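In: Predicted model, plus sequence, below.
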Amino acid sequence: MALCLGLNLILGLYACTPPRPAVLNGSDAPPKAEEYLDILGTWTRDSSIYRVFDQKLFISATYHSPEFRRAFAVAFPDIYGHGGAITKRELVDLTGDVENFHNFFMTIFTPEVKWNDLAKNDSIWRITLIADDEVSVEPTEIVPVKVDENLKAVYPHIDHFDKCYLIRFPSTDMMQRLVITPQSERFKIRIASALGSSEMAWQLSLGQKNAPSAKEND
């Protein structure tokens, strides 16, 4: 429990004010650097799995929405492009068709180190991205992320005992149905194993700003 206090304190700050509307592309006005923590809170969720009174998993997930990427560029000009390979690729260069996927940065703590195995082909965990109409996809890529001071500045909720991952989901399912559409009201991530299951949900504000860009539809 004590290991999670740092994340709980940081994310708890977001609960002190009414939550910002989650609009994928944000407002027409460019974000300000001082808005970064609010925007991070808008796109970050956390959850736990317990069995009886024993914690089996604590997880946080940040969705790399277009609004979040814009806020990152404004808030961290000094490490823009210097935040490590993963941060640079996902939030700066947007290389490797990044915008054609739904990308999440995840931190995970498990009391048993062997349970923290998301990047393994035989991981005990199954992760699913689910839309409000139950269209669902599984990750196409799970990449372990090395933690450094630049990464901690971008994601200040990273705890000393966390493992970090980049999780990439396809934008469409096997039937070519979009997971998140301009009409989507919410989406969620489910993580499950024999140890238990948990969900993290994002509620979206409907409107023109939730419409994916032409590039995202290609």
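Out: Noted; the coordinates are in hand. Numbering: from 1, shown residues only.

In: For the closest residue to residue 70 other than its chain neighbours, list the residues it contacts.
Out: Nearest residue to residue 70 in three dimensions, chain neighbours excluded: residue 31, at 5.5 Å (Cβ to Cβ, 6 or more residues apart in numbering). Using the backbone N, CA and C atoms, a C-beta is placed for each residue, glycine as well. Contact analysis of residue 31 by Cβ atoms under 8 Å, 6 or more residues apart in numbering lists 39, 67, 70-71, 74-75.

In: Check what pLDDT the residue most central in space within the chain gets.
Out: By Cα atoms, centre = their mean, the mean C-alpha position of the chain lies nearest to residue 62, the distance being 2.3 Å. On pLDDT, residue 62 comes in at 95.

In: Would you confirm that it contacts residue 155?
Out: Yes. Using Cβ atoms under 8 Å, residue 62 makes contact with residue 155 at a distance of 6.5 Å.

In: Give me the common contacts of the two.
Out: Residues touching both residue 62 and residue 155 (Cβ under 8 Å, 6+ apart) are 40, 105.

In: what pairs with the residue nearest to the centre of the chain across the strands?
Out: Assessed by DSSP bridges, residue 62 has beta-bridge partners residue 44, residue 105.

In: show me what contacts it?
Out: Residue 62 is in contact with 40, 43-44, 68, 104-106, 155, counting by Cβ under 8 Å, 6+ apart.

In: Flag whichever of those scores worst on pLDDT.
Out: Ranked by pLDDT, those bottom out at residue 68, which has 89.

In: Find the nearest non-adjacent residue to that residue, please.
Out: Distance criterion Cβ to Cβ, 6+ apart; nearest residue to residue 68, sequence neighbours excluded, is residue 43 at 4.8 Å.

In: Return the residues in contact with that neighbour.
Out: Contacts of residue 43 by Cβ under 8 Å, 6+ apart are 22, 62-65, 67-68, 202.

In: now with 6 Å?
Out: Contact analysis of residue 43 by Cβ atoms under 6 Å, 6 or more residues apart in numbering lists 62-63, 65, 68.

In: Check the closest residue in space to residue 191 that isn't next to it in sequence and give its pLDDT.
Out: Excluding the flanking residues, the one nearest residue 191 by Cβ to Cβ, 6+ apart is residue 127, at 5.2 Å. Reading off the confidence values, residue 127 has pLDDT 96.

In: can you check residue 218 too?
Out: 45.

In: now the strands: where do they sit in this protein?
Out: 44-51, 54-63, 101-109, 126-131, 136-137, 141-145, 163-170, 186-193, 196-203 (DSSP state E).

In: for the contacts of residue 31, which one is nearest residue 55?
Out: residue 39 (28.6 Å; Cβ to Cβ).

In: can you tell me the average pLDDT over stretch 165-184?
Out: 89.

In: What distance do you get for the most far-flung residue of the chain relative to its centre to residue 194?
Out: Distance from the C-alpha centroid of the chain, by Cα atoms, centre = their mean, peaks at residue 52 (27.5 Å). Separation of residue 52 from residue 194 (Cβ to Cβ, to the nearest Å): 15 Å.
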